[in-house]
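Trainee: what follows is a protein structure lacking sequence information:
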Ligand code: GMT
């Protein structure tokens, strides 16, 4: 198939999923065209059967807000026509599904079919889509999509409730490449040695440091853990709450125990070095970072919100707590770090869950079947 993919190319779960999906589809022989304002950050630009098409957004003094969604529609239609795309797959409803809808309409006028699939990732529904300013157009573009997928059953239910839509929504969960996200001796040796001494535990957090991630809770939990167990914290990512987290680490006197390493394109090399992942989010429709950690045998202490309980089974492959329960998470971390057999059993159960349910090798064929189903249905 020839597949166009549009996503936010910057740091964020939906961009990661879209990029990894494109890479996996190309590896299975499909031709993939990314259409966005910048090259997705996990793409090297040299992958076989993958092309990137930049969307130029020209500015003009009259435009206080340059109309990216319109430039995107134009580019989608151009690329689809020139490269003879079979289908467009847009990640994150706003504004991508609206742009795809316009591109489909423009091409239909010229007698060419371009069906599009919208994948809902979370905040496009729970935050942005539920804002009155965007709700009607988001609902409309979901209804108009030729196919709609959601990354968890929670998000499917939330979409139906928020938008009162009767449209069938296929749940296709996030995935991980289990051959790349794996515990390796290099990560447990040289990489780990960069961040922790042999007698120290290494905790990790990975996110885009937005308020929804409650990054300062991570620092609070760690401060409590570090009082009882020799430990270090690896903070991967960047965003608006990095500075408050850095200042909190300073004021709690643990600055030298916390490594803020910023954005990293090779988290598969860092995650397996850790012992525990902290994900105290206010909301997660899935929690991709926890899945990536699980595949690397790093159990997550997370919150019982959104789609997280679909991934983390409390006490089996991780632990779940109410939002804000930093005390409970710290106690659980101390318990696990002081009982290595319990921690190891949880780590193994996580890897097994990732392999059995969330490996790219299971999920990509699900997307392929879904594309086929969409292509076979009569044009809308
Ligand atoms: O919260 C983020 O990390 C950003 C956001 C995005 O769309 O980039 O993430 C959402 O999509 C991820 C990938 O599907 C999910 O794993 C995250 O749980 C989801 N975030 C929220 O629902 C808050």
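Mentor: Thanks, I have it. Predicted model only: the values in this text are computed from it and were never measured. Numbering: from 1, shown residues only.
Trainee: care to break this protein down by domain?
Mentor: Segmentation of the chain into domains, based on automatic domain parsing, reads 2-175+360-375, 185-358.
Trainee: show me the contacts for the residue of the stretch 101-250 of the chain found nearest the ligand.
Mentor: Residue nearest to the ligand within the stretch 101-250 of the chain: residue 122 (2.4 Å; Cβ to the nearest ligand atom). Using the backbone N, CA and C atoms, a C-beta is placed for each residue, glycine as well. Contact partners of residue 122, counting by Cβ atoms under 8 Å, 6 or more residues apart in numbering, are 13, 14, 151, 155, 283, 284, 285, 286, 306.
Trainee: thought the first one was touching residue 121?
Mentor: Yes - taking contact to mean Cβ atoms under 8 Å, the distance of 6.3 Å between residue 13 and residue 121 places them in contact.
Trainee: hey, what's in contact with both of the two?
Mentor: residue 286.
Trainee: near the ligand at all, stretch 172-190?
Mentor: Yes - using Cβ under 6 Å from any ligand atom, a contact is recorded between stretch 172-190 and the ligand, made by residue 174.
Trainee: revised request: answer the last question for stretch 140-153.
Mentor: Yes - using Cβ under 6 Å from any ligand atom, stretch 140-153 reaches the ligand at residue 151.
Trainee: I'd like the average pLDDT over that stretch.
Mentor: Here stretch 140-153 scores 97 as its mean pLDDT.
Trainee: can you list contacts of that stretch?
Mentor: With Cβ under 8 Å, 6+ apart, stretch 140-153 has contacts from 17, 93, 97-98, 100-101, 115-122, 156, 159, 163, 165, 167-174, 285-286, 306-307, 310-311, 367, 370-371, 373-374, 377, 380.
Trainee: give the buried residues for the helix or strand where residue 362 lies.
Mentor: In the assignment (DSSP states H and E), residue 362 maps to helix 360-376. Buried residues in helix 360-376, counted by 16 or more other Cβ atoms under 10 Å: 360, 363, 364, 367, 368, 370, 371, 374.
Trainee: and that helix, does that touch the ligand?
Mentor: No - Helix 360-376 lies apart from the ligand when judged by Cβ under 6 Å from any ligand atom; the minimum separation is 11.8 Å.
Trainee: who are the packing partners of that helix?
Mentor: For helix 360-376, the contact count by 3 or more Cβ pairs under 8 Å, 6 or more residues apart in numbering; DSSP states H and E identifies helix 13-27, strand 87-91, strand 116-120, strand 147-150 as packing neighbours.
Trainee: list the neighbouring strands of the host helix or strand of residue 53 plus their orientation.
Mentor: Assigned by DSSP H and E, residue 53 falls within strand 50-54. The sheet places strand 50-54 alongside strand 31-36 (parallel), with pairing taken from DSSP bridges.
Trainee: thinking again about what came up before, quick one: which of residue 13 and residue 121 has more around it?
Mentor: Taking other Cβ atoms under 10 Å, residue 13 and residue 121 do not tie; residue 121 has more neighbours (27 against 23).
Trainee: which residues does the more buried one contact?
Mentor: 13, 14, 17, 91, 92, 151, 155, 285, 286.
Trainee: can you give me the neighbour number for the closest residue to residue 205 other than its chain neighbours?
Mentor: Spatial nearest neighbour of residue 205, chain neighbours left out: residue 218 (4.5 Å); criterion: Cβ to Cβ, 6 or more residues apart in numbering. Residue 218 is flanked by 30 other residues according to other Cβ under 10 Å.
Trainee: so residue 218 sits right up against residue 234, yeah?
Mentor: No - using Cβ under 8 Å, residue 218 makes no contact with residue 234, being 10.6 Å away.
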